[in-house]
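In: coords below, sequence missing:
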């Protein structure tokens, strides 16, 4: 008799749970947001050009993270309207890639919400590769998380009482 690894049985168990719900959306919306990683040369005014292009066309940049290394920088951002953001980046000639992230609302008044998020994901052996805060939210503090298994992570976080932000939620901000 073979035994199923813990993670495999956990995935099967979690698949039996109802589809995840987002902050304002129904259960059918994916609990992910789109992040663009833009590759910029470290030149004076290049970041301003990027931000201006997006804010004039898309409106809001919801999250921003910059990682500089020598002659280049990686700018990670989440736009309120991701489809328009993609088109603006293409039109403006920026080199970029797309990734899906989880955006988690941090409960107000809760003790150590970041420790709780890490504990939930650690219990399922899900790695957080990087995280950064959202800049604006009418619903309180939120974190963007890039994880190994976003579907399982979303299900576990919802089961533990966390609220996830979907793309339709961002468009209302």
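Out: It's in. Keep in mind that this is a model prediction, so the values were computed, not measured.
In: Please make it C-alpha for all contacts and neighbour counts, starting now.
Out: Noted.
In: most centrally placed residue in the protein?
Out: Closest residue to the average C-alpha location of the chain: residue 101 at 3.1 Å, with Cα atoms, centre = their mean.
In: thinking that residue is in contact with residue 143, fair?
Out: No - Residue 101 is not in contact with residue 143 according to Cα atoms under 8 Å; the separation is 9.9 Å.
In: how far does stretch 63-76 stretch from start to finish?
Out: 8 Å (Cα to Cα, to the nearest Å).
In: mind checking how far residue 64 is from residue 159?
Out: Going from residue 64 to residue 159 by Cα to Cα gives 28 Å.
In: out of the two, which sits in the busier spot?
Out: More neighbours surround residue 64 than the other of residue 64 and residue 159, with 19 against 15 (other Cα atoms under 10 Å).
In: Strands of this structure, start to end?
Out: Secondary structure of the chain (DSSP state E): strands located at 33-41, 61-69, 72-79, 95-105, 128-133, 142-147, 163-165.
In: Of those, give the one that comes closest to residue 171.
Out: strand 72-79 (8.8 Å; Cα to Cα).
In: which regions of this structure sit below the pLDDT cut-off?
Out: Judged against pLDDT under 70, the low-scoring parts of the chain cover residues 1-30, 58-59, 137-139, 173.
In: do that again at 90, thanks
Out: By pLDDT under 90, the weakly predicted segments of the chain are 1-32, 41-46, 49, 52-60, 68-72, 80-88, 90-93, 107-113, 135-141, 165-173.
In: what does the domain assignment say about this protein?
Out: 6-32+101-171, 34-99 (automatic domain parsing).
In: Can you give me every residue that contacts the residue lying closest to residue 149 once chain neighbours are set aside?
Out: Excluding its sequence neighbours, the residue lying closest to residue 149 (Cα to Cα, 6 or more residues apart in numbering) is residue 126, at 6.5 Å. Residue 126 makes contacts with 147, 148, 149, 153, as judged by Cα atoms under 8 Å, 6 or more residues apart in numbering.
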